[in-house]
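>>> Okay, here's the prediction I keep looking at, along with the sequence it came from:
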Amino acid sequence: MSRLSLSLVLLTALLLGYDIYIGAGESVASTPIPAPYQTGMASWYGAGEQGKLTADGEIYNRHALTAAHRHLPFNTRIMVTNRENGRSVEVRINDRGPYSKNRVLDLSEAAAKALDMKKSGVTPVEIEVIQRGSVKLPRAVPGSTLP
């Protein structure tokens, strides 16, 4: 990565309110959380997406407790509660979505099963942020200096 590109990434991160950590040749920016919780409708996705790449570059595993959210940083851990039956599950954000504007979250099949929402397909949920995730920036080029 060129020095100019790295400078633009760091400047953008600072302007967006990211905390920047630099050490051992690696930079990490953690994003601020817009609100402690959110409510809305959640859906789920399963076998049709199994093995495909998620937005963060992982291979989707429908048996893992993961979810897609439009804005929360990758690796953010959230508690999702089904507002119809009170069941809750902790999931990790590893994808972007949902693409239906009437929904706030797309859950993995395992998370949907834990919330007892597989049959209905869509359910009202409450989202509580447990631990915010972070965004890794590219490694610094050896011998270069940061702006």
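Arrived safely, thanks for sending.
>>> Name the SS class of the nearest residue to Asn85 once chain neighbours are set aside, please.
Distances taken as Cβ to Cβ, 6 or more residues apart in numbering put Asp116 closest to Asn85, at 5.8 Å, once the chain neighbours are dropped. C-beta here means a position set from N, CA and C on the backbone, and glycine is covered the same way. With DSSP: H, G, I helix; E, B strand; the rest coil as the basis, the three-state label of Asp116 is coil.
>>> so Asp116 makes contact with Asn82?
Yes: counting by Cβ atoms under 8 Å, Asp116 touches Asn82, with 6.7 Å between them.
>>> returning to that earlier point: the residue nearest to Asn85: neighbour count?
Neighbour count for Asp116, taken as other Cβ atoms under 10 Å: 15.
>>> residues in contact with it?
By Cβ atoms under 8 Å, 6 or more residues apart in numbering, the residues touching Asp116 are 82, 85, 87.
>>> And the buried ones among those, selectable in ChimeraX?
Selection of the buried residues among these in ChimeraX, burial being defined by 16 or more other Cβ atoms under 10 Å:
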select :82
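>>> Walk me through the domains of this structure.
For the chain, the structural domains run 1-32+134-147, 37-131, going by automatic domain parsing.
>>> can you give me the helices in this protein?
Secondary structure of the chain, counting by DSSP state H: helices at 3-15, 109-114.
>>> shouldn't Leu115 be in contact with Asn82?
Yes: in this structure, Leu115 is within contact of Asn82 by Cβ under 8 Å, at 4.3 Å.
>>> Need the overlap of contacts for those two.
Counting by Cβ under 8 Å, 6+ apart, the shared contacts of Leu115 and Asn82 are 88, 123, 125.
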